[in-house]
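J.: below: sequence and its predicted model.
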Amino acid sequence: MSTYWFELETGPVDDLEEAAERLYSQCGDGQLSGDEHGGTVLFSREARNAIEAILSAIDDTERSGLPVIGAMEDLVTVDDIAEKTGRSAPAVGHWTTGERGPGAFPAPTLHRGSRVKLYSWAQVSRWLADAGLGRIDSVAAEVAAAAADVDALLRARQVLRGAPSGRREVLAKLVAA
């Protein structure tokens, strides 16, 4: 068994103290923060694998009355990638532009202004493993990949729940395919 660190995104939290008590009585490894706009639960959970850890945390969180709407993916900057891999930021920058390495570095997931680009650690760690570059924390890479997959499915669940009944069946078939 390994210990997996990850965050779940919840819906609005009306009474933080009460919600935190309910969560703690359901499981002792989740730390809730948030407000009436939404919250997050940080978990440190032992499990056989990251998917099992995340799915059991979703179950515990929802049993405590907090709706889970996302699994927060580990988004990273070039500097974060450098730190995680033990390489320099300029070396990572060369990977992103294709000047060095095998090319086809994952595109940024988000742009924050013109200077900051955020990359999916799940995609980057896969690219690094395939390229044989940098040191990779295999547990962190596993969590990033699992969180990205679970987040996509949680978002699909939200769409299905909000869709009109006629459309819901068609969308459910697409998700099941």
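T.: Yes, it's here. Residues are numbered from 1 along each chain as shown.
J.: going by C-alpha atoms from here, please, whenever you check contacts or count neighbours.
T.: Fine.
J.: OK, contacts around the residue nearest the centre of the chain?
T.: Central residue of the chain (C-alpha atoms, centre = their mean): Glu73, 2.2 Å from the mean position. When the contact criterion is C-alpha atoms under 8 Å, 6 or more residues apart in numbering, the partners of Glu73 are 120-122, 144, 147-148, 151.
J.: again, 7 Å this time
T.: 144, 147-148 (C-alpha atoms under 7 Å, 6 or more residues apart in numbering).
J.: pLDDT added to the residues you listed, as a markdown table?
T.: A markdown table is the format used below for these (pLDDT from 0 to 100):
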| residue | pLDDT |
| --- | --- |
| Ala144 | 91 |
| Ala147 | 94 |
| Ala148 | 91 |
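J.: turn those into TSV, including secondary structure and distance to Trp95.
T.: Listed next are the contacts of Glu73 as TSV, based on DSSP: H, G, I helix; E, B strand; the rest coil; distance: C-alpha to C-alpha, whole Å:
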residue	secondary structure	distance to Trp95
Ala144	helix	20
Ala147	helix	24
Ala148	helix	22
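J.: turn those residues into a markdown table, including distance to Ala19 and neighbour count.
T.: Shown next, in a markdown table, are the contacts of Glu73 (distance: C-alpha to C-alpha, whole Å; neighbours: other C-alpha atoms under 10 Å):
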| residue | distance to Ala19 | neighbour count |
| --- | --- | --- |
| Ala144 | 26 | 26 |
| Ala147 | 23 | 25 |
| Ala148 | 26 | 20 |
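J.: list just the nearest of the residues you listed to Asp14.
T.: Ala147 (25.6 Å; C-alpha to C-alpha).
J.: touching the helix or strand of the chain with the lowest mean pLDDT from outside, list them.
T.: Here the helix or strand of the chain ranked lowest by mean pLDDT, DSSP states H and E is strand 110-112, holding a mean of 80. Residues outside strand 110-112 that contact it (C-alpha under 7 Å, 6+ apart) are 117-119.
J.: the chain: strands as residue ranges?
T.: 2-10, 30-35, 38-47, 68-72, 75-76, 110-112, 116-120 (DSSP state E).
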